[in-house]
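A.B. asks: Got a predicted structure plus its sequence, pasted below:
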Amino acid sequence: WTHIYGQLERLDREMIRGYSEDIDSLLIFAGLFSAVLTAFLVELYKQLQPDQNQLTLQILSDISQQLSEMSQGNATSPSDALKQPFHDPTHVVAINTLWFLSLVLALGSALVGIIVKQWLREYIVWPTVSPVQHALQLRRFRFDAFKKWRIPTIVTLVPILLQVAVVLFLGGLITLTWTLNRAVFVVATV
């Protein structure tokens, strides 16, 4: 029984090490990708709000016009430019939607990866249980729970989430290049 227990412990350690190494590299990628994506988002989400400089310029222009006309004895009303609601450009909304969704998926994959790492760390703890038959029963209980909780499936979910996040980011990047410059778009998509 001791030999079987030793073999199972070795096999479990190898299995957990493989999963753990995969998750480690994916967590590093998720962190770097999220940082890069956030840099893009910081610049682009500002376009979802009215340009305050343009609004200030319009107000000052209206004040100047009113003062000028008052000095000439004419009465005017403020321009309608300030009363017009701000409309987000469609492409900016689309790009922000793709990139925020990408960020959510990247951070979600990192969260799942961290949780899986905790599960793996707990699974590999082999308590000293005597007799060996009881240790084998405990190992069997843990292994069954490992399969029941679908840990291997969840481990494969992490790279899938990251791949979808990258595809969404690229979709937003392609949309951005399309709206900025067609030549850049063609070069970027080829």
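C.D. replies: Right, received. Where do you want to start? Numbers count the residues shown, from 1 in each chain.
A.B. asks: Let me know the secondary structure of residue 74.
C.D. replies: Of the three states, residue 74 takes coil under DSSP: H, G, I helix; E, B strand; the rest coil.
A.B. asks: Map the structural domains onto the sequence of this structure.
C.D. replies: Split into domains by automatic domain parsing, the chain comes to 2-48+89-189, 50-85.
A.B. asks: for the first one, how far is the first residue from the last?
C.D. replies: The first and final residues of domain 2-48+89-189 sit 60 Å from each other (Cα to Cα, to the nearest Å).
A.B. asks: picking up where we left off before, can you say which of the domains of the chain is packed in most?
C.D. replies: domain 2-48+89-189 (a mean of 15; mean count of other Cβ atoms under 10 Å). The way it works is simple: take the backbone N, C-alpha and C, and place the C-beta from them, glycine included.
A.B. asks: By mean pLDDT, show me the worst of the domains of the chain.
C.D. replies: Ranked by mean pLDDT, the domains of the chain end with domain 50-85 at the bottom, a mean of 69.
A.B. asks: Now for the closest residue to residue 112 other than its chain neighbours: which residues touch it?
C.D. replies: Residue nearest to residue 112 in three dimensions, not counting chain neighbours: residue 158, with 5.5 Å by Cβ to Cβ, 6 or more residues apart in numbering. Residue 158 is in contact with 22-23, 26, 109, 112-113, 116, counting by Cβ atoms under 8 Å, 6 or more residues apart in numbering.
A.B. asks: Many thanks, have a good one.
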